[in-house]
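Engineer: Model the structure of this input:
(one chain, ligands or ions: 1)
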Amino acid sequence: MIPSEIDQQCRLLREEVRDFLRHEIRSGAITPQCDAWLTGFDPAFTRRLGTRGWLGMTWPKAYGGHERSQLERFVVIEELLAAGAPTAAHHTNDRQVGPMILRCGTEQQKKTVVAGIARGECIVAIGLSEPDVGSDLASVRTRATRTDTGWRITGSKIWTSFAHHAHYLIALCRTGDADAQRHGGLTQFIIKLPNPHVRVRPIRLLTGGHHFNQVFLDDVEVSDDDVLGEVGGAWAQISAELALERSGPERFLSTFPLLSHVTGAAGGSANDEMLCAIGDLTSQLWALRAMSMDVADMLEHGQSTNAEAAMVKDLGTRFEGDVPERLRAFIAAEPSLSSADSAQSLLAQAILQSPGYTLRGGANEILRGIVARDLGLR
Ligand SMILES: Cc1cc2nc3c(=O)[nH]c(=O)nc-3n(C[C@H](O)[C@H](O)[C@H](O)COP(=O)(O)OP(=O)(O)OC[C@H]3O[C@@H](n4cnc5c(N)ncnc54)[C@H](O)[C@@H]3O)c2cc1C
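Structural biologist: Okay, the predicted model is just below:
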């Protein structure tokens, strides 16, 4: 049960965010898109959110945060996603990078990186996946070896979103013997970019879009001050980080701008078949939202949410893919990214982005394994 005082604060905040977004859309500053938390890269918009105090909302004021509740943060994120606002320049940093550095980073890392994210001025790329290593992160082969002055890192990361814009890369590296300690012996490093020993190669999507990269780390020298958390302790750090990645409203709202547009455009003219589709999708959305809010509430109270978060992501990302599949029957035109017609362009965005929904942040098959383990079934 949400106390009425917080409930009231959330209502006021929701209105404030809606007013702001209405103004941004009407003035042409932003255009609603599907999956805009990945495809809508707009650093100026991110800075405007930072100025309003809508980044790092729950973080300590000492590091640029605003010490507000998880539910208030949920409200802001939900409104940004529902409007299809371009949040890609900060979304993952606000969601998981900032909290991870606050949990295990040094004072210096908090004062620079975390405070920079809260201002909307610092972009951090996440270097977990490697060629042939995505789901099974304990098998990473990028290696950091001790030198007289710190560490030397060699290896390659792949699917690294926005590495070409990033000010830092957090790289998961093997520092110990993989045979002796599969989950031990892993360490994270914060690498400042650009760096002459870091090469970022774009991986373009079929649409021509570019957020993915392969990153080559070729004898990158870092100091002990660049270690994030414990040497050898990264497994626990990334497990906690990934739990934050899975339950937020971005796991069921990526295609909401399409659902909202089609519903609004139908007005009173929807036939029974269309009403059934919209009713079915909306009821699923409402259930997912309730589940996601429960997880936000659990996080607020410091509870473990591994299985619950995994369930939200599994159900929510399949729902995201269902939205264009169900609604395309009611759009009497071909999907087209370049069309000025919102239905056509939103449909094209929703379809073309859909292969990633169930993969990013941990493939759904892996998440079901987490749920099974939590239920004692494996
Ligand atoms: C849009 C997008 C953005 C991304 N951004 C980043 C980023 O910024 N940084 C980063 O590090 N990574 C990023 N990734 C990579 C993402 O984390 C990986 O794609 C994901 O973890 C899956 O790993 P993989 O691609 O190696 O697939 P694999 O692990 O090879 O899996 C392929 C298939 O096999 C299944 N599978 C694998 N192992 C098992 C098992 N044990 N049991 C059952 N089924 C299994 C999987 O479920 C999946 O369906 C991004 C991916 C996407 C799609």
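Engineer: Now for the residue of the stretch 1-150 of the chain found nearest the ligand, how many residues are close by?
Structural biologist: Distance from the ligand to each residue of the stretch 1-150 of the chain (C-beta to the nearest ligand atom) is smallest for G134, at 1.8 Å. C-betas here are computed from N, CA, C, even on glycine. Applying other C-beta atoms under 10 Å, we find 17 residues neighbouring G134.
Engineer: quick one: buried residues of stretch 311-331?
Structural biologist: Buried residues in stretch 311-331, counted by 16 or more other C-beta atoms under 10 Å: 311-317, 319-324, 326-328, 330-331.
Engineer: could you pick out which of those residues are near the ligand?
Structural biologist: Applying C-beta under 6 Å from any ligand atom, the subset of the buried residues of stretch 311-331 adjacent to the ligand is empty.
Engineer: quick revisit: so for the residue of the stretch 1-150 of the chain closest to the ligand, what's the pLDDT?
Structural biologist: For G134, the pLDDT comes out at 88.
Engineer: From A82, how far out is L193?
Structural biologist: 33 Å (C-beta to C-beta, to the nearest Å).
Engineer: One more: H210?
Structural biologist: Distance from H210 to A82, counting by C-beta to C-beta: 26 Å.
Engineer: Which of the two has more residues huddled nearby?
Structural biologist: Neighbours were tallied for H210 and for A82 using other C-beta under 10 Å; the higher tally belongs to A82 (18 against 13).
Engineer: where along the stretch 201-350 of the chain do the helices fall?
Structural biologist: For the stretch 201-350 of the chain, the helices defined by DSSP state H, counting those that start in this stretch cover 234-245, 256-266, 272-300, 306-327, 342-357.
Engineer: same deal with the stretch 51-200 of the chain?
Structural biologist: Using DSSP H, counting those that start in this stretch, helices in the stretch 51-200 of the chain cover 70-82, 91-92, 98-104, 107-109, 115-119.
Engineer: Save these as TSV, and put in mean pLDDT too.
Structural biologist: TSV is the format used below for those (pLDDT from 0 to 100):
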stretch	mean pLDDT
helix 70-82	94
helix 91-92	96
helix 98-104	96
helix 107-109	98
helix 115-119	98
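Engineer: Redo those helices as JSON lines? Include distance to I158.
Structural biologist: Listed next are those as JSON lines, based on distance: least, C-beta to C-beta, whole Å:
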{"stretch": "helix 70-82", "distance to I158": "26"}
{"stretch": "helix 91-92", "distance to I158": "16"}
{"stretch": "helix 98-104", "distance to I158": "21"}
{"stretch": "helix 107-109", "distance to I158": "25"}
{"stretch": "helix 115-119", "distance to I158": "23"}
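Engineer: Among those, which comes closest to S254?
Structural biologist: With C-beta to C-beta as the measure, helix 70-82 is the member of the helices of the stretch 51-200 of the chain nearest S254 (7.4 Å).
Engineer: where does this protein come near the ligand, residue by residue?
Structural biologist: Where the chain comes near the ligand, counting by C-beta under 6 Å from any ligand atom, the residues are 38, 126-129, 134-135, 159-161, 356, 359-360, 362-363, 365-366.
Engineer: Out of these, which sit inside strands?
Structural biologist: Among the residues of the chain next to the ligand, the members found in strands (DSSP state E) are I126, G127.
Engineer: Can you tell me which of the residues of the chain next to the ligand are classed as buried?
Structural biologist: For the residues of the chain next to the ligand, buried by 16+ other C-beta under 10 Å: 38, 126-129, 134, 159-161, 356, 360, 362-363.
Engineer: For the chain, give the strand that spans the most residues.
Structural biologist: Taking DSSP E as the criterion, the chain has its longest strand at strand 212-222.
Engineer: Could you tell me the angle between the lowest-mean-pLDDT helix or strand in the chain and helix 306-327?
Structural biologist: Ranked by mean pLDDT, DSSP states H and E, the weakest helix or strand in the chain is helix 234-245, scoring a mean of 85. Here helix 234-245 runs at an angle of 40 degrees relative to helix 306-327 (axes from the mean of the first three to the mean of the last three C-alpha atoms, to 10 degrees).
Engineer: Could you pull up the contacting residues of the closest residue to G56 other than its chain neighbours?
Structural biologist: Ranked by C-beta to C-beta, 6 or more residues apart in numbering and with sequence neighbours excluded, the top spatial neighbour of G56 is A118, at 3.3 Å. Contact partners of A118, counting by C-beta atoms under 8 Å, 6 or more residues apart in numbering, are G50, L55, G56, W59, Y63, G64, G65, H66, G98.
Engineer: I'd guessed A240 sits against L102; true?
Structural biologist: No - at 11.2 Å, A240 and L102 do not qualify as touching, with contact defined as C-beta atoms under 8 Å.
Engineer: In the stretch 101-250 of the chain, where is pLDDT below threshold?
Structural biologist: Scanning the stretch 101-250 of the chain for pLDDT under 70 picks out nothing.
Engineer: pLDDT value on G302, please?
Structural biologist: At G302, pLDDT is 82.
Engineer: what's around T92, how many residues?
Structural biologist: By other C-beta under 10 Å, the burial measure for T92, its neighbour count, is 24.
Engineer: residue contacts, it?
Structural biologist: With C-beta under 8 Å, 6+ apart, T92 has these contacts: I126, S161, E245.
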